[in-house]
Each structure stands twice: as C-alpha cells, then as structure tokens.
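Asks: got a predicted structure plus its sequence, pasted below:
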Amino acid sequence: MTITILLDIQTYLFNGGRKIEVITTIDEMQKRADGWRQSGKTIVFVPTMGFLHEGHLALMRRGREYGDILVISIFVNPTQFGPQEDFETYPRDFERDRRLAESVGVDVIFAPQNDEMYGERFQTYVSLEELPQHLCGLSRPNHFRGVATIVSKLFNIVKPHVSIFGEKDYQQLVIIRQMVRDLNFDIRIVGAPTVREPDGLAMSSRNNYLSPEERRSASVLFQSLKLAQKSVAEGERDARKLINAASAHIKSVPHTQIDYVTICDPETLDDVDQIGGPVLMALAVKVGKTRLIDNTILKPKGN
C-alpha cells in the first residue's frame, strides 16, 4: 500500500495529475505522434519488452531529459526468439509495468498485440550483413533480424526524435546505430550505462529466472569483467590471456556454462588479439538454464 501511494504521488508530480495513456493500435499511435510533431514537441522513445526493472526506469529517466513527450513500448517480440527460447515463458506483468512507468513520468505506453505488429502474410524483415555475425548472433542466428525489424517498425509507428538504448545489450546498440545510419532514420540514438545490482550483476528481466544459488553464481560475470579491467590497468595487452583468465574464473563457480567470452573492436565487433586502445570485452554465460550477458570497455592507460 505504501509503495502504491508513493508511486501515485510521483505520477502526480511528473504528469500533473494525468494518468499515463495506453495506446494499443498502430493507427492511433501514428496519429498521436503526427500531432506532437506538428505542435513542435520532441518525442523520446524507449522500446522495452516489459517486466520493467531499475535498468529500464533509468533509461526512461534519461529520456525525460531529451524531449517533451516520453513514449515507451511494451511488446514481447516473437521474431527475436529462437525455437527453443523463452518467448512463451518470458515474464509479463502489464499493470506492474504501467505503475512503474507512471512513477518516472512516462506519457504514453504503446502496447500492441502480436497480430497488430505482424499482420496476415507478413514477409518483410530488416537484416544486417556483418554485425550480427558476432557475439550473441553466433548462437542466436535470427535474433538480430527480429530486433532490427521490430525496432524499424516501432520507429515508423512512434516517430521519435530520440531513442534510448541500454549499453548492457551492447551488440544491439551497435546494430541499431548502424541500421539508423544505413536506412537514414532521422533519429538520435542515445546509449545509457548498464544499471547493476549491489553485487554488480547487470539488471535484466531474466534475472527473475535464477534460483537463490544460481543468483549467487551469477555475480561471477561482473567479477570476471573487473578482473580483466584490473589486468589491463596493470599492463596486460594479450586478449587471449585475459579471455582465458575470465573463463577460468567463470568456470570456478557452480551452475555456469560459457557461451562466449570475447574481446573485440567496439564498433565492428571484430576480434582483437592485442589491446592497443579501448576494446569491448563481452560475455554470455548460462547460469542454470538462464542465459545472461554483460560487457565492459577495457581501456589501457593513456587511452
């Protein structure tokens, strides 16, 4: 009850007493976006799959700094899930999400159904040639085709001037930036830092799947990144040695299975052997049955 009252007070302060608006159809969302643009309003957009956590809310708070109208989407996109992945069981709680979005001053939630976004005989997809052939794209071959397609559709529906994406999903951020350049979307893409739990675990809706023992093991992802940062600060430049040390650390705790540990160029995502400037260290690890990702930029001294 106390939490609900606090959220209602925050909603009043942010939205002047107005309740958040929920739009479920493409036509209505586009009409509203056209009206805002015609009146000179700046639209900021944060796409989500719902089951919001502090990481999402941080993106929304940042979004409030960039414009007049803050729109989020809540849509669990079927085209970015593989056949054996968790589309059906992905956590969903719309009323909870609505209250949380209100608490940080979101103006509109765009929450379409699957058949609204992917109509009968849908057959047009957006696919990048090179960037998906790295990191998560290797074990999830159609994932980024689904991401690029749904984000393109959402951009055409919400018509934002600015869109905010989290750096936790670093490959996604790089792909969206490339897509925006290649397809000439007139949208500014803003990356926001990863939000973490007190023990360093990157916030994710999938953390909800972890058992208490798996949750303790999951902190090893951040620990391995910190270990690499320390080694680079002390002068290590051999990417393979850093990868091996991180992998050994991850394997030393129970319930972990490595998908990848990689050091690569932050823009092209191509592998790097020797560290001569800032590089991305990215990893994906299954903890129990839950696949988690994380990353950090490694910067040698003087860079």
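Replies: Sure, I can see it. In this text, all values refer to a predicted model and were calculated from it rather than measured experimentally.

Asks: show me how this protein divides into domains.
Replies: In terms of domains, the chain is parsed into 2-192, 205-298 (source: automatic domain parsing).

Asks: worst average pLDDT in the ones you listed?
Replies: Here the lowest mean pLDDT among these goes to domain 2-192, at a mean of 93.

Asks: which residues in the stretch 101-250 of the chain form helices?
Replies: Secondary structure of the stretch 101-250 of the chain (DSSP state H, counting those that start in this stretch): helices at 114-117, 136-139, 143-158, 170-182, 212-218, 220-233, 239-251.

Asks: looking at these, which is buried most?
Replies: Mean neighbour count (mean count of other C-beta atoms under 10 Å) peaks for helix 143-158 among the helices of the stretch 101-250 of the chain, with a mean of 21. Quick note: C-beta positions are derived from backbone N, CA and C, even for glycine.

Asks: helices or strands up against it?
Replies: helix 26-38, strand 43-48, strand 69-74, strand 108-110, helix 136-139, helix 170-182 (3 or more C-beta pairs under 8 Å, 6 or more residues apart in numbering; DSSP states H and E).

Asks: with distance to residue 124 added, can I get the helices of the stretch 101-250 of the chain in a markdown table?
Replies: Output for those, formatted as a markdown table (distance: least, C-beta to C-beta, whole Å):
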| stretch | distance to residue 124 |
| --- | --- |
| helix 114-117 | 12 |
| helix 136-139 | 20 |
| helix 143-158 | 8 |
| helix 170-182 | 14 |
| helix 212-218 | 38 |
| helix 220-233 | 36 |
| helix 239-251 | 38 |
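
Asks: closest to residue 44 out of the ones you listed?
Replies: helix 143-158 (9.6 Å; C-beta to C-beta).

Asks: which residues touch the closest one?
Replies: 26, 29-30, 33, 43, 45, 47, 71, 73, 75, 77-82, 110, 117, 124-128, 131-132, 136-137, 163, 171-172, 175-176, 179, 183, 185, 187 (C-beta atoms under 8 Å, 6 or more residues apart in numbering).

Asks: what of stretch 270-281?
Replies: 134, 170, 225, 228, 232, 236-240, 242, 246, 261-266, 269, 295-300, 303.
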